[in-house]
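# mind folding the following:
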Amino acid sequence: MSFIFKFFATIVRKMLELLQIGGKLTHTLSIYVKTNTGRTLSVNLEPQWDIKNVKELVAPQLGLQPEEVKIIFAGKELSDATTIEQCDLGQQSVLHAIRLRPPLQPASTLLEEEPPAEEPSKPMNETLLDLQLENAERLNISDEERVRAKAHFFVHCGQCSKLCNGKLRVRCALCKGGAFTVHRDPECWDDVLKPRRIRGHCESLEIACVDNEAGDLPFVEFYFKCAEHVSGGEKDFAAPLNLIKNNIKDVPCLACTDVSETVLVFPCASQHVTCLDCFRDYCRSRLSERQFMPHPDFGYTLPCPAGCEHSFIEEIHHFKLLSREEYERYQRFATEEYVLQAGGVLCPQPGCGMGLLVEPDCRKVTCQNGCGYVFCRSCLQGYHIGECLPEGAGEGAPNSCEYTVDPSRAAEARWDEASNVTIKVSTKPCPKCRTPTERDGGCMHMVCTRAGCGFEWCWVCQTEWTRDCMGAHWFG
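The predicted structure is shown next:
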């Protein structure tokens, strides 16, 4: 019995040693260090170490002295006194170790044309202020406000499938290498989102990149990573949600008037603010009414709810704040709208609505990859030979020899004990734009809710609403 006790005690002791419990527990970071010669080193760093310690660890593996190495991260050359904790590194992040160039290296001509080298600086996450601040606000900010005004970024991460905190990263716009130092920090979102705004110096390759024959320095390319999962390397990417900001000005929501920590600021001149819950409600209400707007440049989007001009949301990843089912519905509506704008048609079969792009002179349309329904493009009824019948005529017309049968309805019209329950078809296409419309009660007066249509029609006649419809079958 004592043998078993000692055995388990030994196992527990070994586990504690592995976990380094007893005042030795650390949060070691597993980091990759890349060089411009193509080598990649895997090192373990302690958060309290400084960059000088990193150079002392990396230099011998490169056959160099620590003073011959400089460390680049997120667009900045890091000073020896900068700590790993200040850099805001995550597991499997990438640092770049570059050998200092000797004076007579082939790229020396390029270096002579550069501005004088600045002293190694702090990491960008320590120096970058919120990109929504104006220049005057940056100059007059107090030390206390500076802490709160540090830049915060938000992204939609595909891996996490949610809104996450983001990290701003830097690479060369030419070679896509990360050993790149910027000449200045970005001061607004245009600096980050638009190309060719800020130049810098690239050392990702042994011969420095140049932008053109004149030898100009290359431009920087900014991108974002999710801060809430382990880094996937320099190819890891998350979509930036630039309208979502840290509410450093304590502005109340335009809908609920609450002051939230994280808000969405619409791109209108007034920069109206809404909390994220109200933004979701706004999107849901417009989605249920099919009131999103097709924009030629931005796609299927929404403007500021206050009705401001030039306020459309450009980055449609903001709509991923909706649930997965709602976003899929948004994508379906957007596809349908694209089809209609491109001159296509939607399958008129109830419960389908598949968007179909067909040749302009094609009359017989088959709903491929959908329900398989074959219909006439002109009248959107079952395909037929000859001229289309006027709406309201057709089956049972006195002098008509045509009798069109919908196969799906034929399957429902059986004298069978298993089919005693009446199947109610509650969806019909709008007579003007053919958007599938569902009636769940009320009168027969329908109003199409698709943006740009608004056609008023009769559910029974499937024609424009008239006084005759009102008198004959307003309520059925």
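# mind checking the SS state of the residue lying closest to D277 once chain neighbours are set aside?
In this structure, D277 finds its nearest non-sequential neighbour in C256, 7.6 Å apart by C-beta to C-beta, 6 or more residues apart in numbering. The C-beta positions use only the backbone N, C-alpha and C, and glycine is treated the same way. Recorded secondary structure, C256: coil (DSSP: H, G, I helix; E, B strand; the rest coil).
# contacting residues for C256?
By C-beta atoms under 8 Å, 6 or more residues apart in numbering, the contact set of C256 is 275, 277-278.
# quick one: pLDDT of it?
Listed pLDDT for C256 reads 92.
# over to K249?
pLDDT at K249 comes out at 84.
# list phi and psi for it.
phi -100, psi 0 (degrees, to the nearest 10).
# can you tell me how far it is from W189?
Distance of K249 to W189, computed by C-beta to C-beta, to the nearest Å: 16 Å.
# circling back to that earlier point, just among the contacts of C256, which is most surrounded?
Highest neighbour count within these: C275, with 22 neighbours (other C-beta atoms under 10 Å).
# does that residue touch V265 like I think?
No - assessed by C-beta atoms under 8 Å, C275 is found out of contact with V265, at 11.2 Å.
# give me the helices and strands touching the strand or helix carrying G200, please.
According to DSSP states H and E, G200 maps onto strand 200-202. Judged by 3 or more C-beta pairs under 8 Å, 6 or more residues apart in numbering; DSSP states H and E, the packing partners of strand 200-202 are strand 162-172, strand 180-182.
# switch to 10 Å and redo it
Counting contacts by 3 or more C-beta pairs under 10 Å, 6 or more residues apart in numbering; DSSP states H and E, strand 200-202 is packed against strand 162-172, strand 180-182, strand 220-226.
# now the ones you listed in JSON lines, with mean neighbour count?
Shown next, in JSON lines, are the helices and strands packed on strand 200-202 (neighbours: other C-beta atoms under 10 Å):
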{"stretch": "strand 162-172", "mean neighbour count": "20"}
{"stretch": "strand 180-182", "mean neighbour count": "23"}
{"stretch": "strand 220-226", "mean neighbour count": "22"}
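# on that earlier part again, now the contacts of C256 in JSON lines, with secondary structure and distance to V182?
Output for these, formatted as JSON lines (DSSP: H, G, I helix; E, B strand; the rest coil; distance: C-beta to C-beta, whole Å):
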{"residue": "C275", "secondary structure": "strand", "distance to V182": "34"}
{"residue": "D277", "secondary structure": "helix", "distance to V182": "37"}
{"residue": "C278", "secondary structure": "helix", "distance to V182": "37"}
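# closest one to Q159 out of these, please.
For the contacts of C256, the closest approach to Q159 (C-beta to C-beta) belongs to D277, at 24.2 Å.
# pull up the gap between that closest one and L168, please.
26 Å.
# same deal with I72?
According to C-beta to C-beta, I72 and L168 sit 15 Å apart.
# so who does V230 touch?
By C-beta atoms under 10 Å, 6 or more residues apart in numbering, the residues touching V230 are 30, 90-93, 159, 236.
# of all those, which two lie farthest apart?
It's S30 and Q159 that sit farthest apart of the contacts of V230, by C-beta to C-beta, at 18.4 Å.
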